[in-house]
Structures are given as C-alpha cells and as structure tokens.
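1. fold the following for me, if possible:
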Amino acid sequence: MHTPSIGCLVMAAGNATRFSANKLAAEFDGKTLIRRALEAVPGDVLSAVTVVTQYPEVERLAEEFGFSHIKNEHPDYGISHTIRLGTQAMRDCDAIVYMVSDQPLLERASVERVVACWQENPSYIVGAAHNGKRGNPCIFPQEFFDELLALTEDHGGNTVIRAHPERLMTVEVGKTELTDVDTPQALENLKKQQ
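-> Just a heads-up that it's a prediction; the model follows:
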C-alpha cells in the first residue's frame, strides 16, 4: 500500500511590518519564535520540510534542524509568494502541511494530530482549530496545489478553504496554541498568560 508522502512548508519570510523588527528573532520563554516553530515540526513523520525565508539566520537554523530552505527574494510580494516557492519545491508530495512561524505555543503533538487526521481522511483539507475557530497549521492534499500556486499578494490558504468549505476537517487544539504574535504587545500579552 502506498504510504502518502507529506511535506511541510514553514513560512518564515514575512517583513513583520507590525512588529517593526524581525519578529522571528524575538524570544519567548528563552527561545526565538523561529526555533519554537521548527521544534514543532514533526520531522519523523514527514517526507520533506522546507523553510522559506528572507533571513540568513533562519536558513542557518533550518540547516541545524536538517531541513531544506529556500530564499524568498521578494517578501514584499506577500504570503502567496512564500506559498508558491514552498509548494513548487514539494509538488511531488501527496500533501503539504503549511505552518506559520509566529505561534510560540504550538505543540509538536498537535501538528502530529493534524497529520494523523489527514492520513485517515486524505481527500480533506485538515486544519487545527479551537471551538470552531480555525487556525494554523493546515494540511492540503495535492489536488489543491494548483489553487495554492495561483494565489496572489497576501492571499493565503484561507482563500482556497473558503472555496471548498465542504472539504475542511478540523482538529481541536488548545486556544493559546493558535495565538499568533503580530506585535510586540501581543507577545507580551501571551507571556503574561503563562
């Protein structure tokens, strides 16, 4: 029986304009956001992991984890460009998990559950959610890759999900796991919740 090959795209290229600095280098509980993101990647159940970034320090960290990386020369093109670069690189995979890099409390076990749910339901898009509110990561089967590659500017996977709501399945995770930090204040608020 064919074991599906699953890729993982870690999106780490944004300009983080609201953060006014490279937020991936910001620390939460003694570790940078990007290190926390890479630690949440369940590499042992994946066929390929690609980190798309504009930052040399993130490329070095990806190598430390044994992940491949692609330089995004145009982060100003929006998230769709990061999605395109990573999706093209892993196009042969049966599915790709799309992960963001600014959810410091996301747990590896939760990502593993999203992957396991997709393995049982391979025709579905599977995303992490809390009380009906969907977040990241999301895993898309190969049949949706063309739609993901056709995205423009700051349109991400949500655009594809909205076009196929009947194909979405969610996995319940803790509320704070889905919290992303777009501003220094959001990061401070999350620290206080600990």
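2. show me the shaky parts of the chain.
-> The chain contains residues with pLDDT under 70 at 1-2, 15-21, 194.
3. max-length helix in it?
-> Using DSSP state H, we find that the single longest helix of the chain is helix 108-120.
4. please point out which parts of that one sit buried.
-> By neighbour count on 16 or more other Cβ atoms under 10 Å, the buried set for helix 108-120 is 110, 111, 112, 113, 114, 115, 117, 118, 119. Yep, even glycine has a C-beta here, placed from its N, CA and C like the rest.
5. closest to residue 37 among those residues?
-> residue 111 (10.2 Å; Cβ to Cβ).
6. pretty sure that closest one is touching residue 97, no?
-> Yes - with contacts counted by Cβ atoms under 8 Å, residue 111 reaches residue 97, the gap being 6.9 Å.
7. now for those two: what residues contact both?
-> Listed as contacting both residue 111 and residue 97 by Cβ atoms under 8 Å, 6 or more residues apart in numbering are residue 137.
8. what sits against residue 121?
-> Residue 121 neighbours (Cβ under 8 Å, 6+ apart): residue 169.
9. ok, now how distant is it from residue 141?
-> 9 Å (Cβ to Cβ, to the nearest Å).
10. helices or strands up against the longest helix of the chain?
-> In this structure, helix 108-120 packs against strand 6-12, strand 95-100, strand 125-130, strand 133-141, strand 168-172, with contacts taken as 3 or more Cβ pairs under 8 Å, 6 or more residues apart in numbering; DSSP states H and E.
11. what angle do that helix and strand 168-172 make?
-> 150 degrees (axes from the mean of the first three to the mean of the last three Cα atoms, to 10 degrees).
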